[in-house]
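In: Sequence plus the predicted model coming up.
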Amino acid sequence: MPRVTQERQALSTSPYTGSLACVGIGITLGSHITALARSHVETAEVVFAGVSDGVVELWLKEMHPDVRSLQPYYREGKSRLQTYREMVDAILAEVRAGKRVCAVFYGHPGVFAWAPHRAVKEARAEGYRAHMEPGISSEDCLYADLGIDPGSVGCQHFDTTQFMVYRRQVDPTAWLILWQIGLAGELSSRQFATGPAHRQVLVEVLARHYPLDHEVIIYRAATLPLQLPRVERLPLSRLPEIDLNGADTLAVPPARPLERDPDIEARLAALAAQPG
(Lines give C-alpha, C1' and ligand atoms only; values in the text may rest on other atoms or scores of the structure.)
Protein backbone atom coordinates (compact mmCIF):
# COMPACT_ATOMS: atom_id res chain seq x y z
CA MET A 1 0.00 0.00 0.00
CA PRO A 2 1.34 3.47 -0.81
CA ARG A 3 2.30 5.58 2.18
CA VAL A 4 -0.62 7.89 3.08
CA THR A 5 -0.11 10.77 5.48
CA GLN A 6 -2.72 12.62 7.49
CA GLU A 7 -1.83 15.73 5.51
CA ARG A 8 -2.66 14.05 2.22
CA GLN A 9 -5.91 12.68 3.68
CA ALA A 10 -6.91 16.18 4.74
CA LEU A 11 -6.35 17.43 1.20
CA SER A 12 -8.17 14.55 -0.48
CA THR A 13 -11.48 16.41 -0.25
CA SER A 14 -10.17 19.47 -2.10
CA PRO A 15 -12.59 20.77 -4.74
CA TYR A 16 -9.64 21.48 -7.05
CA THR A 17 -8.76 18.83 -9.62
CA GLY A 18 -5.11 19.75 -10.13
CA SER A 19 -2.46 17.94 -8.12
CA LEU A 20 1.31 17.87 -7.70
CA ALA A 21 3.79 15.12 -6.88
CA CYS A 22 7.43 16.17 -6.53
CA VAL A 23 9.46 12.98 -6.84
CA GLY A 24 13.13 12.08 -6.58
CA ILE A 25 14.67 9.66 -9.07
CA GLY A 26 17.95 9.22 -7.23
CA ILE A 27 21.44 9.97 -8.46
CA THR A 28 22.43 7.14 -10.81
CA LEU A 29 20.37 6.92 -13.99
CA GLY A 30 17.78 4.14 -13.92
CA SER A 31 19.19 2.51 -10.79
CA HIS A 32 17.62 4.50 -7.97
CA ILE A 33 14.05 5.27 -9.00
CA THR A 34 11.37 3.71 -6.78
CA ALA A 35 8.27 1.98 -8.06
CA LEU A 36 6.13 4.75 -6.54
CA ALA A 37 8.14 7.54 -8.21
CA ARG A 38 7.90 5.73 -11.56
CA SER A 39 4.14 5.39 -11.09
CA HIS A 40 3.76 9.14 -10.56
CA VAL A 41 5.77 9.83 -13.72
CA GLU A 42 3.78 7.39 -15.83
CA THR A 43 0.31 8.44 -14.63
CA ALA A 44 0.80 12.23 -14.65
CA GLU A 45 -0.65 14.41 -17.37
CA VAL A 46 2.37 16.72 -17.39
CA VAL A 47 5.93 15.95 -16.24
CA PHE A 48 8.54 18.60 -15.42
CA ALA A 49 12.20 17.54 -15.22
CA GLY A 50 14.90 19.18 -13.13
CA VAL A 51 17.59 16.55 -13.58
CA SER A 52 21.36 16.36 -13.85
CA ASP A 53 21.87 15.28 -17.46
CA GLY A 54 20.24 15.42 -20.88
CA VAL A 55 20.49 11.65 -21.01
CA VAL A 56 18.23 11.48 -17.95
CA GLU A 57 15.65 13.65 -19.72
CA LEU A 58 15.67 11.28 -22.69
CA TRP A 59 15.17 8.36 -20.30
CA LEU A 60 12.16 10.11 -18.73
CA LYS A 61 10.67 10.70 -22.18
CA GLU A 62 10.56 6.94 -22.63
CA MET A 63 8.16 6.86 -19.67
CA HIS A 64 6.00 9.85 -20.59
CA PRO A 65 5.21 11.73 -23.83
CA ASP A 66 5.06 15.20 -22.24
CA VAL A 67 8.31 15.86 -20.34
CA ARG A 68 9.22 19.55 -20.00
CA SER A 69 12.78 20.39 -19.07
CA LEU A 70 13.42 22.94 -16.32
CA GLN A 71 17.05 23.42 -17.40
CA PRO A 72 16.34 26.32 -19.83
CA TYR A 73 15.46 28.50 -16.85
CA TYR A 74 19.14 28.54 -15.84
CA ARG A 75 21.40 31.18 -17.38
CA GLU A 76 24.87 32.46 -16.53
CA GLY A 77 24.58 35.74 -14.62
CA LYS A 78 20.91 35.18 -13.76
CA SER A 79 19.94 34.91 -10.11
CA ARG A 80 19.32 31.29 -9.15
CA LEU A 81 16.46 32.43 -6.92
CA GLN A 82 14.76 33.97 -9.97
CA THR A 83 15.34 30.71 -11.84
CA TYR A 84 13.76 28.69 -9.03
CA ARG A 85 10.81 31.10 -8.82
CA GLU A 86 10.17 30.70 -12.55
CA MET A 87 10.31 26.91 -12.21
CA VAL A 88 7.70 27.00 -9.47
CA ASP A 89 5.47 29.30 -11.53
CA ALA A 90 5.67 26.96 -14.53
CA ILE A 91 4.82 23.91 -12.42
CA LEU A 92 1.94 25.58 -10.59
CA ALA A 93 0.45 26.98 -13.79
CA GLU A 94 -0.32 23.42 -14.89
CA VAL A 95 -1.61 22.45 -11.43
CA ARG A 96 -3.98 25.44 -11.50
CA ALA A 97 -5.11 24.35 -14.96
CA GLY A 98 -6.44 21.18 -13.34
CA LYS A 99 -3.66 18.84 -14.46
CA ARG A 100 -2.07 15.96 -12.58
CA VAL A 101 1.51 17.22 -12.48
CA CYS A 102 4.66 15.30 -11.63
CA ALA A 103 7.84 17.33 -11.08
CA VAL A 104 10.92 15.10 -11.25
CA PHE A 105 14.20 16.05 -9.58
CA TYR A 106 17.48 14.20 -9.41
CA GLY A 107 18.47 12.80 -6.05
CA HIS A 108 16.00 13.61 -3.28
CA PRO A 109 13.53 16.41 -4.16
CA GLY A 110 13.79 17.84 -0.67
CA VAL A 111 17.59 17.98 -0.35
CA PHE A 112 19.29 21.19 -1.53
CA ALA A 113 16.21 21.90 -3.63
CA TRP A 114 14.31 25.17 -3.08
CA ALA A 115 11.81 24.82 -5.93
CA PRO A 116 10.17 21.49 -4.93
CA HIS A 117 9.59 22.61 -1.34
CA ARG A 118 8.16 25.92 -2.52
CA ALA A 119 5.94 24.34 -5.15
CA VAL A 120 4.43 21.87 -2.67
CA LYS A 121 3.92 24.59 -0.07
CA GLU A 122 2.19 26.98 -2.48
CA ALA A 123 0.03 24.28 -4.04
CA ARG A 124 -1.20 23.17 -0.62
CA ALA A 125 -1.84 26.77 0.45
CA GLU A 126 -4.08 27.16 -2.61
CA GLY A 127 -6.03 24.00 -1.76
CA TYR A 128 -4.46 21.55 -4.21
CA ARG A 129 -3.26 18.06 -3.35
CA ALA A 130 0.53 18.14 -3.27
CA HIS A 131 3.22 15.97 -1.75
CA MET A 132 6.84 14.92 -2.06
CA GLU A 133 8.22 11.43 -2.65
CA PRO A 134 11.78 10.81 -1.40
CA GLY A 135 14.65 9.59 -3.50
CA ILE A 136 18.23 8.42 -3.02
CA SER A 137 20.36 11.52 -2.44
CA SER A 138 24.06 12.29 -2.82
CA GLU A 139 24.28 11.89 0.95
CA ASP A 140 23.10 8.27 0.69
CA CYS A 141 25.62 7.59 -2.07
CA LEU A 142 28.39 9.23 -0.05
CA TYR A 143 27.81 6.94 2.92
CA ALA A 144 28.00 3.89 0.65
CA ASP A 145 30.95 4.96 -1.50
CA LEU A 146 33.12 6.29 1.34
CA GLY A 147 32.14 3.59 3.82
CA ILE A 148 30.83 6.06 6.40
CA ASP A 149 28.35 5.01 9.06
CA PRO A 150 26.86 8.27 10.40
CA GLY A 151 25.94 6.45 13.59
CA SER A 152 29.54 5.57 14.50
CA VAL A 153 30.87 9.00 15.53
CA GLY A 154 28.21 11.30 14.08
CA CYS A 155 27.98 13.58 11.03
CA GLN A 156 27.63 17.34 10.59
CA HIS A 157 26.23 18.63 7.28
CA PHE A 158 26.42 22.23 6.05
CA ASP A 159 26.16 24.17 2.82
CA THR A 160 29.73 25.32 2.18
CA THR A 161 29.01 29.03 1.80
CA GLN A 162 26.73 29.06 4.84
CA PHE A 163 29.47 27.31 6.79
CA MET A 164 31.94 30.05 5.77
CA VAL A 165 29.70 33.04 6.41
CA TYR A 166 28.21 32.01 9.75
CA ARG A 167 30.00 30.95 12.91
CA ARG A 168 28.92 27.31 13.14
CA GLN A 169 29.74 25.04 16.06
CA VAL A 170 32.16 22.43 14.67
CA ASP A 171 32.81 19.10 16.39
CA PRO A 172 36.17 17.74 15.15
CA THR A 173 35.39 14.33 16.68
CA ALA A 174 32.63 13.77 14.07
CA TRP A 175 32.59 13.76 10.27
CA LEU A 176 32.07 17.17 8.66
CA ILE A 177 30.29 17.15 5.27
CA LEU A 178 30.30 20.37 3.23
CA TRP A 179 27.97 20.45 0.24
CA GLN A 180 28.44 22.38 -3.01
CA ILE A 181 32.13 22.91 -2.41
CA GLY A 182 32.53 24.19 -5.98
CA LEU A 183 30.37 27.19 -5.01
CA ALA A 184 32.36 28.00 -1.87
CA GLY A 185 31.85 31.64 -0.91
CA GLU A 186 29.38 32.42 -3.75
CA LEU A 187 27.18 35.21 -2.40
CA SER A 188 25.54 36.62 -5.53
CA SER A 189 23.46 33.54 -6.48
CA ARG A 190 24.50 34.29 -10.08
CA GLN A 191 27.67 32.22 -10.51
CA PHE A 192 27.93 28.48 -11.11
CA ALA A 193 31.43 28.14 -9.64
CA THR A 194 34.02 30.00 -7.61
CA GLY A 195 37.80 29.79 -7.76
CA PRO A 196 40.95 29.07 -5.74
CA ALA A 197 40.82 32.36 -3.81
CA HIS A 198 37.39 31.51 -2.40
CA ARG A 199 38.54 28.02 -1.45
CA GLN A 200 41.58 29.49 0.27
CA VAL A 201 39.21 31.41 2.53
CA LEU A 202 37.43 28.12 3.25
CA VAL A 203 40.77 26.48 4.13
CA GLU A 204 41.43 29.28 6.63
CA VAL A 205 38.01 28.76 8.21
CA LEU A 206 38.58 25.00 8.46
CA ALA A 207 42.08 25.56 9.86
CA ARG A 208 40.43 26.91 13.02
CA HIS A 209 39.45 23.32 13.77
CA TYR A 210 41.73 21.06 11.69
CA PRO A 211 45.49 20.95 10.96
CA LEU A 212 46.46 21.90 7.41
CA ASP A 213 47.88 18.43 6.78
CA HIS A 214 44.59 16.78 7.79
CA GLU A 215 43.37 14.48 4.99
CA VAL A 216 40.06 15.49 3.42
CA ILE A 217 38.05 13.84 0.64
CA ILE A 218 36.53 15.34 -2.51
CA TYR A 219 33.44 13.30 -3.39
CA ARG A 220 31.07 13.29 -6.36
CA ALA A 221 28.44 10.59 -6.85
CA ALA A 222 28.19 8.74 -10.15
CA THR A 223 25.20 9.87 -12.24
CA LEU A 224 25.50 7.30 -15.04
CA PRO A 225 25.71 3.52 -14.58
CA LEU A 226 29.15 3.20 -16.22
CA GLN A 227 30.68 6.06 -14.22
CA LEU A 228 32.71 5.71 -11.06
CA PRO A 229 32.26 8.12 -8.16
CA ARG A 230 34.92 10.74 -7.61
CA VAL A 231 36.88 9.94 -4.44
CA GLU A 232 39.99 12.14 -4.17
CA ARG A 233 41.99 12.32 -0.94
CA LEU A 234 44.33 15.23 -0.25
CA PRO A 235 45.67 17.42 2.56
CA LEU A 236 43.40 20.28 3.55
CA SER A 237 46.08 22.78 2.48
CA ARG A 238 45.82 21.64 -1.18
CA LEU A 239 42.09 22.28 -1.51
CA PRO A 240 42.51 25.53 -3.53
CA GLU A 241 44.50 23.66 -6.22
CA ILE A 242 41.76 21.16 -7.13
CA ASP A 243 39.26 21.52 -10.00
CA LEU A 244 35.74 21.44 -8.57
CA ASN A 245 32.15 21.99 -9.63
CA GLY A 246 28.78 22.36 -7.91
CA ALA A 247 28.27 18.60 -7.69
CA ASP A 248 31.38 18.06 -5.57
CA THR A 249 31.22 17.55 -1.81
CA LEU A 250 33.95 17.87 0.81
CA ALA A 251 34.08 15.14 3.45
CA VAL A 252 36.31 15.91 6.43
CA PRO A 253 37.09 12.91 8.66
CA PRO A 254 37.28 13.33 12.44
CA ALA A 255 40.51 14.92 13.64
CA ARG A 256 40.24 13.79 17.26
CA PRO A 257 38.80 10.77 19.08
CA LEU A 258 35.52 10.99 20.96
CA GLU A 259 35.89 12.36 24.50
CA ARG A 260 34.10 10.57 27.30
CA ASP A 261 32.14 12.42 29.98
CA PRO A 262 32.91 10.48 33.19
CA ASP A 263 30.25 12.29 35.23
CA ILE A 264 27.47 11.33 32.84
CA GLU A 265 28.84 7.79 32.54
CA ALA A 266 28.79 7.45 36.33
CA ARG A 267 25.18 8.65 36.53
CA LEU A 268 24.10 6.23 33.82
CA ALA A 269 25.97 3.36 35.50
CA ALA A 270 24.17 4.14 38.77
CA LEU A 271 20.81 4.10 36.96
CA ALA A 272 21.66 0.77 35.36
CA ALA A 273 22.53 -0.69 38.77
CA GLN A 274 19.15 0.20 40.28
CA PRO A 275 16.78 -2.77 40.70
CA GLY A 276 13.86 -3.15 38.28
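Out: The structure has been received and is ready for your questions. What you see is a predicted model, and the numbers here were worked out from it, not measured in a lab. Numbering: from 1, shown residues only.

In: and the residue nearest to Gly110 when sequence neighbours are not counted, bridged to which residues?
Out: Leaving aside its sequence neighbours, Gly110 sits nearest to Met132 (C-beta to C-beta, 6 or more residues apart in numbering; 5.6 Å). The way it works is simple: take the backbone N, C-alpha and C, and place the C-beta from them, glycine included. Going by DSSP bridges, Met132 is paired in beta bridges with Cys22.

In: number of nearby residues for Met132?
Out: By the other C-beta atoms under 10 Å criterion, the neighbourhood of Met132 contains 20 residues.

In: Need the per-residue pLDDT for it.
Out: We note a pLDDT of 97 for Met132 in this prediction.

In: what's the answer for Val153, then?
Out: Val153 is assigned a pLDDT of 97 by the prediction.

In: Contacts only, for the closest residue to it other than its chain neighbours.
Out: Among residues not flanking Val153 along the chain, Ala174 sits closest, at 5.2 Å (C-beta to C-beta, 6+ apart). With C-beta atoms under 8 Å, 6 or more residues apart in numbering as the criterion, the residues that contact Ala174 are 153-156, 254.

In: Repeat the analysis, applying 6 Å as the threshold.
Out: Contacts were defined as C-beta atoms under 6 Å, 6 or more residues apart in numbering; by that measure Ala174 touches 153-154, 156, 254.

In: go on, Tyr84?
Out: 114-115.

In: Remind me which helix or strand it belongs to.
Out: Remark: Tyr84 resides in helix 80-96, with elements defined by DSSP states H and E.

In: Over to Ala119?
Out: Secondary structure here is read from DSSP H and E; on that basis Ala119 sits in helix 114-125.

In: can you tell me the average pLDDT over that helix?
Out: In this model, helix 114-125 has a mean pLDDT of 97.

In: picking up where we left off before, now flag whichever of the contacts of Ala174 is closest to Glu204.
Out: Of all the contacts of Ala174, Glu204 sits closest to Gln156, with 18.7 Å by C-beta to C-beta.

In: Show me which positions of the helix holding Tyr84 end up buried.
Out: Of the residues in helix 80-96, those scored as buried under the neighbour-count criterion (16 or more other C-beta atoms under 10 Å) are 80, 83-84, 86-88, 90-92, 94-95.

In: Identify the residues contacting the residue nearest in space to the middle of the chain.
Out: Nearest to the mean C-alpha position of the chain, counting by C-alpha atoms, centre = their mean, stands Val111 at 3.1 Å. Contacts of Val111 were listed using C-beta under 6 Å, 6+ apart, and they are Ser137.

In: Give me the distance between it and Asp171.
Out: Shown here: Val111 relative to Asp171, a distance of 22 Å by C-beta to C-beta, to the nearest Å.

In: Same check on Pro196?
Out: Using C-beta to C-beta, Pro196 is found at 28 Å from Asp171.

In: now swap in His108 and tell me
Out: The span separating His108 from Asp171 equals 25 Å under the rule C-beta to C-beta.

In: Neighbour count for these two, which is higher?
Out: For His108 versus Asp171, the count of surrounding residues by other C-beta under 10 Å is larger for His108: 24 against 16.

In: what's the burial count for the nearest residue to the more buried one once chain neighbours are set aside?
Out: When the adjacent residues along the chain are set aside, His108 lies closest to Ser137, with 3.8 Å between them (C-beta to C-beta, 6+ apart). Neighbouring residues of Ser137 were enumerated by other C-beta under 10 Å; the total is 22.
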